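Enquirer: pasting a predicted model and its sequence here:
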Amino acid sequence: MQSEAPGPSPTIRSDVRRPARSAAEALVSLGLWHVGAIRRLQRRPVARILAYHNVTAQSDPVFGLSTATFAAQMRFLKRHYRVVSLDSVAEMLAGTRPWVERAVAITFDDGYEDNYHTAWPILRKLELPATIFLTTDYVGASGGIWLNRLHLALRETPLDRFAAPKLLDTGLAELPLRTAAERASAAHRLVDALYRLPPDERKALTERLVEGLEVDLAALSPTPSALRLLSWDQVCEMADGGLVTFGPHGCSHSIVSRLSDNVLREELTASKTTIEREIGRAVRHFAYPNGTEGDWDERAVRLLAEFGYATAVTMRRGLVAAGANPFELPRVGYNGSHGPTLGKRLEDVEVRRALRGRSY
Ligand SMILES: [Zn+2]
C-alpha cells in the first residue's frame, strides 16, 4: 500500500492510524465521487429510452412489472427527470432541438392491452408522453403473439419432457421440462429456432407445438396479460388523447436480420402503413423485435431511412448520445426480474458507460 512505502517518515502512531482513516475517507470520497459523477453524467447531452412490456397486477420476470412498481417509477421520473417524447429525442439527435438535461423517453413493446388499462391512466395523471410499438398482425387478435403462446404453453404443460420437431434445430432431440429453469431453457431454444423460419411457417408450427404440449391456452383463466393485446379502438383512443404515439414492432414479431429481402421490405412498410391508416397520423419510430445485437442489419437501417422513419430502437443497453445512429438507438429495459429501483438501474447504466471510458 502507498502509506507503507518508504519515504518521509510520519510517527509510528500515525502510521498505525492512517489505514483506518484512509479506508473511511476512501469510502466517503467514493460516495461523494459517485453522487457527483452521477449528477455530472445526468447533465450530459444524453437521453435515456426506457423499454417496458406488460404492466400488470402481478410482476412477472418474463412479461412485465406490477402496476404499483410502474406507478412508483413514473412518479420517480416525473420528480427527477424530464420525460420527453421519442419525437423530441429524434429532434435532439437531428440537432433541430437543444438537448434537454436528464431527458427520458418511455416506450412499450408488443402492444399489450394492459398498456391501455393500467399504464395509460398513470401516464395521463402525470402527463407523461410515451410510445407504444405494435406488432400489427396481432392488434385486435385474441390469443397473443406466437412467442408468448409458446412461453406460456411451456410454463403450463403437464409434460416433463418434449420431443422437439426434427425441422427445428434446437440442439437437443428431447427437451427436459422438469423444472422452471428447464422450461425456460426449452422456451429459449424453441423460440430461437422458430425465429429462423418465415413468419407464416413459424406461426403454424408454433400452434402445433402448443398442441403437442397439451395446453389449451384459451381455457386459462383469467387470460394471462401476455395473451391480451390492444384493439384498434383502444389504439385510436390513446392516439387521440395526444400523449401516446405509436410505431411498428413489425407485423409478425420477426427478427428482421433473419428475413429475406422481400419479407423484410413488407414487414417495415406494411406495419407502418397499417398503423398510419388506422390512427390517421404519420408514424416515425420503429422497434426491432427481440432487438438484441445482430437482430437488425444494414438492410433494415437503409430501408427504415428510405421509408421515412426518424428512429429505430433496439434492446442494446445504453444511453442515446449526440451523434448516435438514429436507427440503432439503445434502451434501458425494465421488467419484473430487474433490480430494486429504476433509479439504481439508470445509474448503473450511466456509471458503467462512464467506466468504459465513453464520453457519450
Ligand atoms: Zn417484442
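Expert: Thanks, I have the structure now.

Enquirer: quick one, strands of the protein?
Expert: When assigned using DSSP state E, the strands of the chain occupy the ranges 46-52, 54-56, 64-66, 82-83, 103-110, 130-134, 161-163, 174-176, 244-248, 285-287, 311-317, 320-321, 329-333.

Enquirer: who in the stretch 101-250 of the chain is up against the ion?
Expert: The stretch 101-250 of the chain has residues Asp109, Asp110 near the ion, with proximity defined as Cβ under 5 Å from the ion. To be clear about C-beta, it is placed using only N, CA and C from the backbone, and glycine gets the same treatment.

Enquirer: and for the closest residue to Pro326 other than its chain neighbours, the neighbour number?
Expert: The shortest distance from Pro326 to any non-neighbouring residue, by Cβ to Cβ, 6 or more residues apart in numbering, is to Thr311 (4.6 Å). Here the number of neighbours of Thr311 (other Cβ atoms under 10 Å) works out to 26.

Enquirer: re earlier: mind putting the strands of the chain in JSON lines, mean pLDDT and distance to Arg149 included?
Expert: Output for the strands of the chain, formatted as JSON lines (pLDDT from 0 to 100; distance: least, Cβ to Cβ, whole Å):
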{"stretch": "strand 46-52", "mean pLDDT": "93", "distance to Arg149": "21"}
{"stretch": "strand 54-56", "mean pLDDT": "91", "distance to Arg149": "15"}
{"stretch": "strand 64-66", "mean pLDDT": "83", "distance to Arg149": "16"}
{"stretch": "strand 82-83", "mean pLDDT": "96", "distance to Arg149": "33"}
{"stretch": "strand 103-110", "mean pLDDT": "96", "distance to Arg149": "13"}
{"stretch": "strand 130-134", "mean pLDDT": "98", "distance to Arg149": "18"}
{"stretch": "strand 161-163", "mean pLDDT": "92", "distance to Arg149": "15"}
{"stretch": "strand 174-176", "mean pLDDT": "90", "distance to Arg149": "17"}
{"stretch": "strand 244-248", "mean pLDDT": "98", "distance to Arg149": "21"}
{"stretch": "strand 285-287", "mean pLDDT": "98", "distance to Arg149": "20"}
{"stretch": "strand 311-317", "mean pLDDT": "95", "distance to Arg149": "21"}
{"stretch": "strand 320-321", "mean pLDDT": "92", "distance to Arg149": "33"}
{"stretch": "strand 329-333", "mean pLDDT": "92", "distance to Arg149": "22"}
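
Enquirer: list the residues that contact Phe76.
Expert: Residues near Phe76 by Cβ atoms under 8 Å, 6 or more residues apart in numbering: Thr341, Leu342, Gly343.

Enquirer: most neighbours, which of these?
Expert: The residue in those with the most neighbours, by other Cβ under 10 Å, is Leu342 (23 neighbours).

Enquirer: and it, what pLDDT?
Expert: The predicted structure scores Leu342 at 75 on the pLDDT scale.
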